[in-house]
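# Take a look and give me a structure for this.
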Amino acid sequence: MTISSTPSAILSSQPLGPLWPTLDPFLFCAHHNDAYPAGTAALAPAVPLDGRQIGNDFSRLGGWSMYHGRSVPGFPAHPHRGFETVTLVRRGLIDHADSLGAAARFGGGDVQWLTAGQGIQHSEMFPLLNPDKPNPLELFQVWLNLPARQKMAAPHFTMLWNERIPRLQHHDAQGRATTVTVVAGALAGAAAPLPPPPQSWAAQPGSDVAIWTLRLAPGAEWTLPAAAGEGTRRMLYFFAGESLRIGSDALHDHAALELQAGQGWPLVNTGSTAVECLLLQGRPLNEPVAQHGPFVMNTQQEIAQALQDYRHTQFGGWPWPEADPVHGNLPRRFARHPGQEGDEVPGPAPSDSTAAAKAVPAPPAA
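From the prediction side, this is the model:
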């Protein structure tokens, strides 16, 4: 028997389930892909909800779930402390509201980055705006841990609009395209990434945090560069397409793959359909993790304090008249930041990369 001396890119491999395995500094990764039907005037599914456990429906009946929504699908008001949520919406729209008074409707490639810090409540609802055709929704939600020294930072709400997120467009020698969307983490050949929230681990020098999505056309080849930092850990989620080769490793099943991060590896789409991957990487925090549902701290005593604080303060209360607010029937993407009257709306990247997204007066309430 001949033993190959070619090193493997893959340190470990796990099949993809409802929740995807993560590596420090990441805590959680979920891929929601729901084939929602047409919607009613109230933005709810225009079909019977029989057979669903309303308020806690993860059934995937008909290819979709209501989650904790009772009329509109989604996640009504709930608290977080001690980490950040990064929500990448590939298709469909999400309506956000939070205890800071912020609101947003975003989707179609937009990313929301929310620092929970010392505590926030927010809702994430999935309005079904199309009354005469399906309302597909696909998103990733990633939880990124906060260092102990930042766990009690002030909450912070950030929108990264699709039109301004950097992308690398690479064509191999045969002209086959690879597109890398750079949510966080510098990538040679792409514009500088938009800044993460100021207290994020991703904003700290040397964290080497990267959040990228990759799309390789059939037959396309692209070399995933080595991570910049020593000690960085890297997970590549192969979630769409027929087959992928990483270095000398051939893959035919979707999987979460921990890769050797200190070396660049050629990726080749060996199938007849596009391959898509999500990459999460960063230098580990190497701190203890104590988690109780939506609270992530370093000790059980801090978890007990978080529960007590939430009971006493509700993390600032809930300024909305309902737990599951939606933002009208127009497919208008916007963000209304705490304390601001005008809305931020998406637009192309300005020539001055430091310029903010355009603010316009808020429309009348729906």
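# rest of the way, CA atoms for contacts and neighbours
Fine.
# What is the neighbour count of the closest residue to residue 243 other than its chain neighbours?
Nearest residue to residue 243 in three dimensions, chain neighbours excluded: residue 252, at 4.5 Å (Cα to Cα, 6 or more residues apart in numbering). By the criterion of other Cα atoms under 10 Å, residue 252 has 13 neighbours.
# cool, residue 62 as well?
Residues near residue 62, counting by other Cα under 10 Å: 10.
# what's the distance between it and residue 39?
Residue 62 is 15 Å from residue 39, where distance means Cα to Cα, to the nearest Å.
# With residue 133 instead?
Using Cα to Cα, residue 133 is found at 8 Å from residue 39.
# Looking at these two, which one has more neighbours?
residue 39 (21 against 12).
# And the pLDDT at that one?
pLDDT recorded at residue 39 is 98.
# from memory it sits against residue 136, does it?
No - if you go by Cα atoms under 8 Å, residue 39 and residue 136 don't touch, sitting 11.0 Å apart.
# wait, isn't residue 77 in contact with residue 320?
No - counting by Cα under 8 Å, residue 77 does not reach residue 320; the two are 9.6 Å apart.
# Have a look at those two and say which one is more surrounded.
residue 77 (22 against 13).
# element containing the more buried one, please.
Following DSSP states H and E, one finds residue 77 within strand 74-80.
# what residues does that strand touch?
Strand 74-80 has contacts (Cα atoms under 8 Å, 6 or more residues apart in numbering) with 66-69, 98, 116-117, 119-126, 294-295, 315, 323-325.
# Are any of the residues you listed buried, and if so which?
66-69, 98, 116-117, 119-126, 295, 315, 323-325 (16 or more other Cα atoms under 10 Å).
# Could you point out which residue ranges in the protein have low pLDDT?
Scanning the chain for pLDDT under 70 picks out the ranges 1-6, 349-366.
# for it, which residue is closest to the average position?
Computing the C-alpha centroid of the chain and ranking residues by Cα atoms, centre = their mean puts residue 87 first, at 2.9 Å.
# check which helix or strand covers that residue.
strand 83-91.
# Pull the residues that contact that strand.
The contact list for strand 83-91, computed with Cα under 8 Å, 6+ apart, reads 106-117, 136-146, 151, 200, 295-296.
# For residue 310, grab phi and psi.
When quoted as degrees, to the nearest 10, the phi and psi of residue 310 stand at phi -70, psi -40.
# Residue 78 versus that one, what's the distance?
For residue 310, the distance to residue 78 - Cα to Cα - is 11 Å.
# who are the neighbours in contact with residue 145?
Here residue 145 is in contact with 24, 25, 26, 27, 82, 83, 84, 201, 296 (criterion: Cα under 8 Å, 6+ apart).
# Separate out the buried members of those residues.
24, 25, 26, 27, 82, 83, 84, 201, 296.
# Buried residues of stretch 139-153, list them for me.
139-148, 150-153.
# I meant stretch 299-310, not that one.
302, 303, 306, 310.
# Next: stretch 204-221.
207-221.
# Filter those down to the ones in strands?
210, 211, 212, 213, 214, 215, 216, 221 (DSSP state E).
# and these as a markdown table, adding distance to residue 33?
Shown next, in a markdown table, are these (distance: Cα to Cα, whole Å):
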| residue | distance to residue 33 |
| --- | --- |
| 210 | 23 |
| 211 | 19 |
| 212 | 18 |
| 213 | 16 |
| 214 | 17 |
| 215 | 17 |
| 216 | 20 |
| 221 | 27 |
